[in-house]
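**Q** Sharing a model that was predicted from the sequence below.
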Amino acid sequence: MALAELLSADQIIPEMKATERWDAIVELMDLLVARRQIKPEDRDGILTSLKQREETMSTGIGFGIAIPHCSSDRLDKVVAAFGRSTKGIEFDALDNAPVKFVVLFVVPKNQFQTHLRTLASIAKFLNDRSVRDQLASADSAEAIMKVFRERSGQ
């Protein structure tokens with residue numbers, strides 16, 4: 001599932017406040033709650049699942065990218081949020097570099113194939129340096145969304 005299908009401009013933070021990974025995850029989770037993608041009563045349980053996943057191994061995959069993710073029995077569709085940090089976020093990434101782009105997504109439980117395909121699609125998309133360059137220079141959530149729409153056909 002491509003980011004252009006999962007996101008709208010109101011699920012994008014063009015400049016995150018967070019400077020470390022847990023704060024970044026909470027910031028994106030709170031955005032999803034505010035946008036009614038996740039019910040307030042489900043927030044803490046999903047955050048616990050995200051934290052458990054991060055404690056297994058950081059989802060900072062290198063090249064300034066982190067993809068925190070988990071599954072939840074509280075959802076019936078995939079939900080996602082995107083955040084960008086021009087300063088960089090300490091994410092304990094595999095390459096130890098600060099993270100500039102964070103894609104948080106939650107998949108309904110028992111949708112293992114959807115989970116893997118979504119993760120692979122996001123990683124492949126953001127692995128393209130020219131995509132990251134365009135995202136870095138976009139000046140608004142709408143401009144970031146435009147990059148997702150225009151580049152997802154590749």
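**A** Happy to help now that I have it.

**Q** Pull up the gap between A93 and F101, please.
**A** From A93 over to F101 the distance is 11 Å, taken as CB to CB, to the nearest Å. Backbone N, C-alpha and C define where each C-beta goes, glycine included.

**Q** quick one: common contacting residues for these two?
**A** Applying CB atoms under 8 Å, 6 or more residues apart in numbering, one finds that A93 and F101 are jointly contacted by 64-66.

**Q** Quick one: the helices in this structure, in order.
**A** For the chain, the helices defined by DSSP state H cover 3-6, 21-34, 43-56, 112-126, 129-137, 141-151.

**Q** quick one: contacts for the most centrally placed residue in the chain?
**A** In the chain, the C-alpha nearest the mean C-alpha coordinate belongs to V103, at 1.2 Å (CA atoms, centre = their mean). Listed by CB under 8 Å, 6+ apart, the contact set of V103 reads 3, 65-68, 80-82, 122, 126.

**Q** any idea how far it lies from E41?
**A** The gap separating V103 from E41 is 24 Å, by CB to CB.
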